[in-house]
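Asks: Please find the sequence and the predicted model below.
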Amino acid sequence: MDVTDLDRLLDFAARSWLPEGGFGYLGADGRVLPDRGQETWIVARMTHVFGLAQLTGRSGWNELVRRGVEALAAGPLHDGARGGWYASTADDTKAAYVHAFVVLAGATAAAAGAPGGRELLDEALDVWQTRFWDDAEGLAVEEWDAGWAALSDYRGANANMHGVEASLAAADALGDGDPRAARLRAQALRTVERVVHGWARERDWRLPEHFTAEWQPLPDHNRDEPAHPFRPYGVTVGHQFEWARLALHARAVTPDPPAWLLEDATGLFTAAASRGWAADGHAGFPYTLDWDDRPVVGQRMHWVLCEAVAAGRALATVTGDAAYRSLADHWWAHGEARFADPATGSWHHELTPEGAVATDTWVGQPDAYHLAQVLLLSGRPVRGSVAAALR
């Protein structure tokens with residue numbers, strides 16, 4: 001019997017609400033950690049999750065969606081004078097990763113009919129297109145300073161992955177009558193082709209994450225900080241699963257989709273599953289592997305397992321192959337046994353290879369996004385976005 005229940009998870013996530021507006025980072029006991037201030041990725045992800053809850057027909061979530069939209073539209077994270085969003089109340093850089101989640105929050109809020117949702121989506125898309133999308137490359141640049149004067153030389157796959165997710169969700173929210181929808185889907189497909197059909201396939205499904213400004217891979221990036229929460233060294237197993245699933249979402253909204261979308265999703269998934277699971281002799285997926293498939297960071301992250309399950313179930317739905325569902329069900333059972341926290345209704349975010357709660361990379365249980373999405377996607381058709389699947 002499953003321990004994890006969507007309603008309990010949502011109730012836990014709702015504790016992130018801040019009286020002054022927005023949402024905070026939740027500790028292991030479900031209390032906001034006040035010393036972290038507000039972080040845009042948390043506010044945007046929570047707004048997205050509560051918007052999805054509203055789209056399921058559950059009552060009582062519209063107020064939290066509205067508060068999230070207001071916090072993003074006019075709170076301290078928003079730069080009303082120069083445009084865009086700061087990374088946090090303590091960090092004034094403007095990052096593609098953060099802006100992708102603002103686009104996602106706006107898209108889901110708009111789909112849910114939240115007041116101000118469409119306006120937030122329009123503004124976030126304008127910033128994404130003018131500041132981050134590089135049409136010549138078919139990819140997004142990474143990070144600007146507060147005044148949009150200095151662009152970092154670093155380029156990353158993680159921000160582009162969430163850019164694909166956000167673009168597909170925005171297109172679904174806008175609807176086919178809006179010309180931006182087709183453009184956003186085409187951009188998402190270009191990014192998937194460049195990252196998955198290009199770099200991942202060329203390297204036998206070992207996806208590089210870090211690049212120079214000219215998009216040359218940096219295989220040794222963060223070797224001295226391998227457990228970085230957003231830019232770890234080596235092959236990030238969870239991202240391989242996430243890219244595989246996103247390829248299926250892109251395929252679902254691409255007219256006459258190329259065969260490589262399904263082929264590559266299958267190849268990337270199979271490599272992550274076979275190389276990642278129990279790579280160090282312990283059940284579960286290590287956070288990262290090196291370029292010879294040896295574990296680098298052995299800690300188990302909840303989001304990696306969530307993305308593995310979501311990708312497996314999506315492949316089972318698309319292909320009709322029960323083997324994918326069997327794998328996903330096995331992994332889910334492992335998550336329920338190891339990660340589920342009956343005290344909170346959420347999952348522990350990080351475990352040691354042996355299964356003890358750890359905090360080397362993630363303190364607390366801040367993020368309902370991955371777990372909520374795998375719960376909501378299960379048993380539903382594969383569409384361009386989670387919101388579209390719910391509708």
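Replies: Okay, I see it.
Asks: all contacts plus neighbour counts: C-alpha atoms, from now on.
Replies: Will do.
Asks: For Met1, report the pLDDT, please.
Replies: pLDDT recorded at Met1 is 50.
Asks: Break down the protein into its helices, ranges please.
Replies: 6-14, 40-55, 62-74, 96-111, 117-127, 157-174, 179-192, 201-202, 237-252, 260-276, 302-319, 322-338, 369-377, 386-390 (DSSP state H).
Asks: hey, which of these is tucked in deepest?
Replies: helix 96-111 (a mean of 29; mean count of other C-alpha atoms under 10 Å).
Asks: For that helix, give the mean pLDDT please.
Replies: Mean pLDDT, helix 96-111: 98.
Asks: quick one: low-confidence parts of this protein?
Replies: 1 (pLDDT under 70).
Asks: Please write out the alpha-carbon positions of stretch 241-253 in CSV.
Replies: What follows is stretch 241-253, C-alpha atoms only, in CSV (Å, rounded to 0.1, in the frame of the first residue of the first chain):
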residue,chain,number,x,y,z
PHE,A,241,15.3,10.3,-17.2
GLU,A,242,13.9,13.8,-17.3
TRP,A,243,15.2,14.5,-20.9
ALA,A,244,13.7,11.1,-22.0
ARG,A,245,10.3,12.1,-20.7
LEU,A,246,10.5,15.5,-22.1
ALA,A,247,11.3,14.0,-25.5
LEU,A,248,7.9,12.2,-25.3
HIS,A,249,6.1,15.4,-24.3
ALA,A,250,7.6,17.1,-27.3
ARG,A,251,6.7,14.2,-29.5
ALA,A,252,3.0,14.4,-28.3
VAL,A,253,2.6,17.9,-29.7
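Asks: Nearest residue to the middle of the chain?
Replies: Nearest to the mean C-alpha position of the chain, counting by C-alpha atoms, centre = their mean, stands His162 at 5.5 Å.
Asks: and that one, what is it in contact with?
Replies: The contact partners of His162, by C-alpha atoms under 8 Å, 6 or more residues apart in numbering, come to 97, 100-101.
Asks: Tell me how far the closest residue to Gly238 other than its chain neighbours lies from Leu52.
Replies: Closest residue to Gly238 apart from its sequence neighbours, by C-alpha to C-alpha, 6 or more residues apart in numbering: Val304 at 4.2 Å. Per C-alpha to C-alpha, to the nearest Å, Val304 is found 21 Å from Leu52.
Asks: Kindly report the same for Asp264.
Replies: Taking C-alpha to C-alpha, one finds Asp264 at 28 Å from Leu52.
Asks: mind checking how far Pro353 is from Tyr324?
Replies: From Pro353 to Tyr324 the distance is 24 Å (C-alpha to C-alpha).
Asks: contacting residues for Asn160?
Replies: By C-alpha under 8 Å, 6+ apart, the neighbours of Asn160 are 96-97, 139-140, 191.
Asks: I'd guessed Arg251 sits against Glu263; true?
Replies: No. Contact criterion C-alpha atoms under 8 Å: Arg251 and Glu263 do not qualify, at 11.0 Å.
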